[in-house]
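# Generate a structure from the sequence data that follows.
(2 chains)
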2 protein chains.
Amino acid sequence: MTDTQAMMEQIGQRARVAARTLAASDGKARNRALECMAERLWLDREAIQAANALDLAAAEANGLSPAMVDRLRLSESGIRAMADGIREVMALPDPVGEITEMKPRPNGMMVGRMRVPLGVIGIIYESRPNVTAAALCVKSGNAVILRGGSEAIHSNRAIAERLALGLSAAGLPAEAVQFIDTTDRAAVGALLKSDRYVDIIIPRGGKGLIRRVMEESVIPVIKHLDGICHTYVDRHADLEMAAELTFNGKMQRTGVCNATETLLVHQAVAEAFLPGICRRLHAAGCELRGCDRTRALAGEAAPVMAATPEDYDTEHLAAILSIRVVASLDEALAHIDAHSSRHTETIVTRDHPRAMRFLREVDSSAVMINASTRFNDGFQFGLGAEMGISTDKLHVRGPVGLEGLTCLKYIVFGDGQLRQ
Amino acid sequence: MTDTQAMMEQIGQRARVAARTLAASDGKARNRALECMAERLWLDREAIQAANALDLAAAEANGLSPAMVDRLRLSESGIRAMADGIREVMALPDPVGEITEMKPRPNGMMVGRMRVPLGVIGIIYESRPNVTAAALCVKSGNAVILRGGSEAIHSNRAIAERLALGLSAAGLPAEAVQFIDTTDRAAVGALLKSDRYVDIIIPRGGKGLIRRVMEESVIPVIKHLDGICHTYVDRHADLEMAAELTFNGKMQRTGVCNATETLLVHQAVAEAFLPGICRRLHAAGCELRGCDRTRALAGEAAPVMAATPEDYDTEHLAAILSIRVVASLDEALAHIDAHSSRHTETIVTRDHPRAMRFLREVDSSAVMINASTRFNDGFQFGLGAEMGISTDKLHVRGPVGLEGLTCLKYIVFGDGQLRQ
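This next block holds a predicted model:
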């Protein structure tokens, strides 16, 4: 066993023990720990910024771009935002212990389910671990093992230490939040094989990281891949509403996973709809890439480049929109099935049967009728904070909030029932 | 690409297309398909038995034990049981399309969830695929890819052909039930990498198979490992009830995953409880393996062998019971935490706070108060048929019925809401 493996083994064992205590703790104690964490981060903001300065100096010495150095920087307001984020999680209802569906069986036994923590959650970040994510784990009674990027190691260590101090100040085990304190890449490999200790892995980062985790992990993974989201303007759409929803879906914020990347327009309304929306998007600085019919219809209104097949499979994450005219709802559904990343899709229509068909048949984490794709988000859906949007189908689809960090076990209340 | 990989690619593509049709089909059509499958199996029972005869002849030629040959044999009543199993699944309520939790958001948008099929399910068996499992997949709107053991290949092919015929007879795509028609072991490897087509893998077999699947699969897995189940007799137990529950848990059927494998007894009642239950179990032919105190207390009542540490980590699957006297509820919980396979645990007690603590703190797929561990089962819990009992924590714990083969996507009803 290498040193790194031995370290991971020790982290895993401690997390498992801490998880048992946390699962048995009451919600008040966990809230007290969250309050202590928030307080500790804020009180120690200067020490955290001093640690951050070491990362910034190393980043500059290593020639990181000014933009990357800037992203690494922890300002006082950044630390305040972390503390506020923890307090928002604190204010959410306690998900642990809820009992549902208790129903009597013919033999008099009651069978139902209880919501309980998953146990130990491993989160792998490419840069700085999200403090809200750690808070969500603690709130839901889980222990968490954090792994961050090596360029932020001093900041990560300083933050993780404060979270652990918050736990002990509230009488909970400090090991419920642990940080993998090494830049050795082998630590990730060892974590992904720690199925004796870790119940679930959540990778947060680019496709390379996520593919590596999928390939190597023997532990179940909740992942977030691309958001190639579609807005489909049906033949029965209210075209004014369609224009607002398209513009909002694409332009309200462009670098995010729930932004609209492809606009599909039913041919019956293409002529009435496309010139106006193309003009508006172009005027707002959006680059347009469309099929031949889109280009012909947009005409002089706005320049539309010829879309390549790759455009329809691309998460632009920028002010770029792929556009295609479709002959029918069927063709829209087939396009979405072939090109969507199963994140968010919306239909704009006044026709109820067509809206319901879209709702049933589109297989994405969120499917919408007459609403902006930008709404697929934990806060917007009323879950409170989230730690990402799952594009997986198992366990949790869409925003991963407290419920996604718990599971349901069966419970039975008997009075001596025997199996016949 | 090898021939086997090319075959798996083709199977996967067809399954994906079929899954889309199945997900959009209505429950009546899927029920009609199930009826046609049941009918077809029964009408073609002679052809299926003729195919089975080829497997039996090969098994004898290959020197398989008479017990294994016997297990391979498909009798007429066995085929009738398959057809009956399909009809039982048919009678269950349709899980697909259910809408729950629709709630208004402050902006007027309604957000809720819809239950939808997972998509394509791959099931890997060590011997003969379970027809009920395939029926559960179709009922819940999923396509399924079946892989069975090579010693049953002729029988498997004959059965799978009838299931596919049943689908087409009902106007649904025959490719919604596919059978991997090769004995090449590489086909399993190719299946486990087919994440473009397959949404979930369910391995059904021994530890070797399950470990291989965990290691190789890039697709999420729902698995069933051991059942090392505990019955804990508390100091406040009704000792007559405790004796009945212990005897039922261990002896009602011994070769099954929800049988009790370890009995834990609080020291305060050990003297009153152990001699009687040991005598009764011994008289019924159960081998007893206990700690020193158990052996001393059982005394002449019944022979108790000294338990080795391994006994407490063993799924006996036979008339063998490990026994241990514990000093407290805490010690019982710690023993269960260290040795349970997280399948099923029960406490026998009249004390409400202790019962509730056991319920909260034991982290198993089913946790019971005053009921036999043998009840952890889809039929007994009221789910109808099941395809196994998941000891995983993600997505589904305990019996995997129709709900376990579906997932919840978010749905939004808007009237033009824009993100601010």
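# Show residues contacting stretch A:207-224.
With contact meaning CB atoms under 8 Å, 6 or more residues apart in numbering or on different chains, stretch A:207-224 is reached by A:122, A:124, A:126, A:188-189, A:192-195, A:198-204, A:225-226, A:257, A:388-392, A:394-396, A:400, A:404, B:195, B:214-215, B:218, B:220-221, B:392-394. Using the backbone N, CA and C atoms, a C-beta is placed for each residue, glycine as well.
# Tell me how many other residues surround residue A:306.
11 (other CB atoms under 10 Å in any protein chain shown).
# The one 3 residues further on now?
When neighbours are counted by other CB under 10 Å, residue A:309 registers 8.
# ok, now residue A:385?
Neighbours around residue A:385, by other CB under 10 Å: 22.
# Show the contacting residues for it.
A:85, A:88, A:89, A:92, A:132, A:135, A:136, A:378, A:379, A:401.
# 6 Å instead, please
A:88, A:89, A:132 (CB atoms under 6 Å, 6 or more residues apart in numbering or on different chains).
# ok, back up a step: in strands, which of the contacts of stretch A:207-224 appear?
A:122, A:124, A:200, A:201, A:202, A:203, A:204, A:389, A:390 (DSSP state E).
# any idea how far residue B:9 is from the fourth one?
In other words, residue A:201. Noted for residue A:201: a distance of 28 Å to residue B:9, by CB to CB, to the nearest Å.
# And the second one, by the same measure?
Distance from residue A:124 to residue B:9, counting by CB to CB: 31 Å.
# Looking at the two, which one has more neighbours?
Applying other CB under 10 Å to residue A:124 and residue B:9 shows that residue A:124 carries more neighbours, namely 26 against 15.
# surely that one meets residue A:147?
Yes - counting by CB atoms under 6 Å, residue A:124 does reach residue A:147; the two are 4.7 Å apart.
# Which residues are in contact with residue A:174?
Residues near residue A:174 by CB under 6 Å, 6+ apart: A:164, A:167, A:168.
# Just want the phi and psi numbers for it.
phi -60, psi -30 (degrees, to the nearest 10).
# pLDDT score for it?
Residue A:174 is assigned a pLDDT of 97 by the prediction.
# With the one 5 residues further on instead?
With respect to pLDDT, residue A:179 scores 95.
# Just give the nearest non-adjacent residue to it, would you?
residue A:160 (3.3 Å; CB to CB, 6 or more residues apart in numbering or on different chains).
# buried sites along the helix or strand in which that neighbour is found?
Residue A:160 belongs to helix A:153-169 when assigned by DSSP states H and E. Across helix A:153-169, burial judged by 16 or more other CB atoms under 10 Å in any protein chain shown covers A:153-167, A:169.
# From those, pick the one nearest chain B.
residue A:167 (19.2 Å; CB to the nearest CB).
# can you pull the contacts of the closest one?
A:33, A:174, A:176.
# Give me the buried entries from the contacts of stretch A:207-224.
Buried among the contacts of stretch A:207-224 (16+ other CB under 10 Å): A:122, A:124, A:126, A:188-189, A:192, A:194, A:198-204, A:225-226, A:257, A:388-392, A:394-396, A:400, A:404, B:214, B:218, B:220-221, B:392-394.
# related to what we said a few turns ago, if I look at the residue nearest to residue A:179, how far off is residue B:353?
36 Å.
# Make sure residue A:94 is indeed in a strand.
No - Residue A:94: not assigned to a strand; according to DSSP: H, G, I helix; E, B strand; the rest coil it is coil.
# how many neighbours does the residue nearest to it when sequence neighbours are not counted have?
Of all residues not flanking residue A:94 in the chain, residue A:27 sits nearest, at 3.6 Å (CB to CB, 6+ apart). Using other CB under 10 Å, residue A:27 has 15 other residues around it.
# With residue A:401 instead?
Neighbour tally, residue A:401, other CB under 10 Å: 25.
# Quick check: the gap between it and residue A:390.
Relative to residue A:390, residue A:401 is positioned 11 Å away (CB to CB).
# before we move on, what about residue A:82?
Residue A:82 is 23 Å from residue A:390, by CB to CB.
# same deal with residue A:2?
Residue A:2 sits 33 Å away from residue A:390, going by CB to CB.
# can you check residue A:51 too?
To residue A:390, residue A:51 is 32 Å away according to CB to CB.
# So which residues of the stretch 1-150 of chain A form helices?
A:3-24, A:27-43, A:45-61, A:66-72, A:76-90, A:131-139 (DSSP state H, counting those that start in this stretch).
# Go through the fifth one and flag the buried ones.
Okay, so that is helix A:76-90. For helix A:76-90, the neighbour count (16+ other CB under 10 Å) marks A:79, A:82, A:83, A:85, A:86, A:87, A:88, A:89, A:90 as buried.
# and those residues as CSV, adding distance to chain B?
Output for the buried residues of helix A:76-90, formatted as CSV (distance: CB to the nearest CB, whole Å):
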residue, distance to chain B
A:79, 27
A:82, 24
A:83, 25
A:85, 20
A:86, 24
A:87, 21
A:88, 17
A:89, 20
A:90, 21
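# What parts of the stretch 151-300 of chain A come near chain B?
Proximity of the stretch 151-300 of chain A to chain B (CB under 6 Å from any CB of the partner chain) is limited to residues A:199, A:214, A:215, A:218, A:220, A:241, A:244, A:248, A:252.
# could you redo the last one with a cut-off of 10 Å?
Within the stretch 151-300 of chain A, the positions near chain B by CB under 10 Å from any CB of the partner chain are A:193, A:195, A:199-200, A:211, A:213-223, A:238, A:240-242, A:244-245, A:247-249, A:252-253, A:258-259.
# Which of those residues fall within helices?
A:211, A:213-216, A:240-242, A:244-245, A:247-249 (DSSP state H).
# what about burial for those residues, which qualify?
Applying 16+ other CB under 10 Å to these flags A:213, A:214, A:216, A:241, A:242, A:244, A:245, A:247, A:248, A:249 as buried.
# Need the max-distance pair from these.
A:216 and A:241 (46.2 Å; CB to CB).
# per the record, what domains does chain A have?
If you go by automatic domain parsing, the domain ranges for chain A are A:3-222+A:400-411, A:229-380.
# Next, format those domains as CSV and append distance to residue B:15.
Listed next are those as CSV, based on distance: least, CB to CB, whole Å:
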stretch, distance to residue B:15
domain A:3-222+A:400-411, 20
domain A:229-380, 14
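# show me the contacts for residue A:325.
A:233, A:263-271, A:273-274, A:290-297, A:331 (CB atoms under 10 Å, 6 or more residues apart in numbering or on different chains).
# Please look at the residue nearest to residue A:179 and residue A:180 and confirm they touch.
Yes - contact status for residue A:160 versus residue A:180: in contact at 9.2 Å, counting by CB atoms under 10 Å.
# Where does residue A:294 fall, secondary structure wise?
Per DSSP H and E: helix A:292-298 holds residue A:294.
# neighbours of residue A:268, just the number please.
Residue A:268 is flanked by 15 other residues according to other CB under 10 Å.
# Need phi/psi at it.
phi -70, psi -20.
# what about it, distance to residue A:182?
From residue A:268 to residue A:182 the distance is 60 Å (CB to CB).
# pLDDT below threshold where in the stretch 201-350 of chain A?
Judged against pLDDT under 70, the stretch 201-350 of chain A has no low-scoring part.
# how about the closest residue to residue A:47 other than its chain neighbours, what does it touch?
Spatial nearest neighbour of residue A:47, excluding adjacent residues (CB to CB, 6+ apart): residue A:158 at 6.4 Å. Residues in contact with residue A:158 (CB under 10 Å, 6+ apart) are A:41, A:44-45, A:47-52, A:54-55, A:74, A:152, A:179.
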